[in-house]
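K.L.:
Give me a model of this one.
(one chain, ligands or ions: 1)
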Amino acid sequence: MTTFLGTWETPGKPAVETAWRAFQGGANLRECIEQGLAVCEMDPTFLAIGLGSLPNSDGEIELDAAMMDGENLECGGVCSVRGIVPVISVAKKVLEETPHNLLAGEQARRFAISKGFTPRNLVTEEIARQYEKWRAGVFPDEYMHSTSDLHGDTVTMLGLNDGHCVAASSTSGLAWKLPGRVGDSPIFGAGLYADDEIGCAGATGLGEELWKAMASYRATRNMEAGMSAQEACDEVIQHMIRRLPNACVMSCVVLALRKDGDFGAAITMGKFDLWVCQDGAVSTQNFER
Ligand code: GLY
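P.N.:
The predicted structure is shown next:
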């Protein structure tokens, strides 16, 4: 059985469908997930990832992405990258073509350019309008994930094939964040984790709290201790609700995929849709608290 999981109502579906098409075309698990996330990054209607996503307090889009391979625990990620998409492809190059785990900011952008990525303006007219509205005080919240639950937050993908798993994430982070702010998404153990001996896990939502909880590593360790994927996620979310009050101010989600194909997810507050593709059969599951 080959399984792909993708987060949130609108981006999750094209993410898993693209990954499955790539798999049918002979792509390996890393490539499938890269393509699934890249499709979302290049779609300017998704406001929390890639091109045309909500910017920081300077009006600049700063992107984070990461990939972890459960076969050998290899990691590659980038954070605070401006003017480059798809950043998941840059993260994959960090994984495959450097001895490092994470490149940041201007140096990550330089690395991307050295690998053939072309810098471009990611701020669409719609995003420029949203930024002006924020500056005018139209949005009441200091920070936010997106203008609508439909757009969700970070797109996180988990993939499993024949006992091999890969986890990856891509995000523009919190809207109106302080320049340079990095959340959980490119942090291994926080926003994603993969280990073929156990399975993999990922997160989406308020990065500060997910990072403090080391949500993905905790979910993975829970599965190692014998929990189902659902029990593993529930335990992480209960821990967050108990220890991290801000985790109930903005949604925090953890999702997990065990090496035997069992999967689950849980949320601290609000609603969340998980898209699931199992050998090409695509369905969605809804979570709410
Ligand atoms: N989970 C995305 C972020 O907080 O940056």
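K.L.:
check contacts around the closest residue to E126 other than its chain neighbours.
P.N.:
Leaving aside its sequence neighbours, E126 sits nearest to G52 (C-beta to C-beta, 6 or more residues apart in numbering; 6.5 Å). Every residue, glycine included, has its C-beta placed from N, CA and C. Contacts for G52 (C-beta atoms under 8 Å, 6 or more residues apart in numbering) come out as D43, P44, T45, F46, L122, V123, T124, E126, I127.
K.L.:
so what's the fifth one up against?
P.N.:
Contacts of L122 were listed using C-beta under 8 Å, 6+ apart, and they are G50, L51, G52, S53, I61, L63, R82, G83, V85.
K.L.:
Now compare those residues and name the two farthest from each other.
P.N.:
G52 and R82 (14.0 Å; C-beta to C-beta).
K.L.:
Just say helix, strand or coil for V276.
P.N.:
What DSSP: H, G, I helix; E, B strand; the rest coil gives for V276 is strand.
K.L.:
and it, how far is that from R218?
P.N.:
Separation of V276 from R218 (C-beta to C-beta, to the nearest Å): 22 Å.
K.L.:
ok, the two, which is more surrounded?
P.N.:
R218 (23 against 20; other C-beta atoms under 10 Å).
K.L.:
least trustworthy helix or strand in the chain by mean pLDDT?
P.N.:
helix 125-135 (a mean of 93; mean pLDDT, DSSP states H and E).
K.L.:
What are the buried residues along it?
P.N.:
In terms of neighbour count (16 or more other C-beta atoms under 10 Å), helix 125-135 has its buried residues at I127, Q130, Y131, W134.
K.L.:
Report the beta-bridge partners for T156.
P.N.:
Judged by DSSP bridges, the bridge partners of T156 are S169.
K.L.:
Could I get the contacting residues of it?
P.N.:
By C-beta under 8 Å, 6+ apart, T156 lies in contact with G6, T7, A167, A168, S169, S185, G191, L192, G202, A203, T204, L255.
K.L.:
near the ligand, which residues of the stretch 1-150 of the chain show up?
P.N.:
For the stretch 1-150 of the chain, no residue is in contact with the ligand (C-beta under 6 Å from any ligand atom).
K.L.:
quick one on the thing from earlier: let me know the closest of the contacts of G52 to P11.
P.N.:
F46 (4.9 Å).
K.L.:
helix or strand for the closest one, which one?
P.N.:
Using DSSP states H and E, F46 maps to neither a helix nor a strand.
K.L.:
Now the phi/psi pair for it, please.
P.N.:
phi -90, psi 110 (degrees, to the nearest 10).
K.L.:
tally of neighbours for the residue lying closest to it once chain neighbours are set aside?
P.N.:
Leaving aside its chain neighbours, F46 sits nearest to P11 (4.9 Å; criterion: C-beta to C-beta, 6+ apart). If you count neighbours by other C-beta under 10 Å, P11 ends up with 32.
K.L.:
Next: T10.
P.N.:
T10, neighbours per other C-beta under 10 Å, totals 20.
K.L.:
what about it, helix or strand, and which?
P.N.:
Assigned by DSSP H and E, T10 belongs to helix 9-24.
K.L.:
now the angle between helix 9-24 and the helix or strand just after that helix, please.
P.N.:
Toward the C-terminus, helix 9-24 is succeeded by helix 29-41 as the next helix or strand (DSSP H and E). Counting by axes from the mean of the first three to the mean of the last three C-alpha atoms, to 10 degrees, helix 29-41 lies at 140 degrees to helix 9-24.
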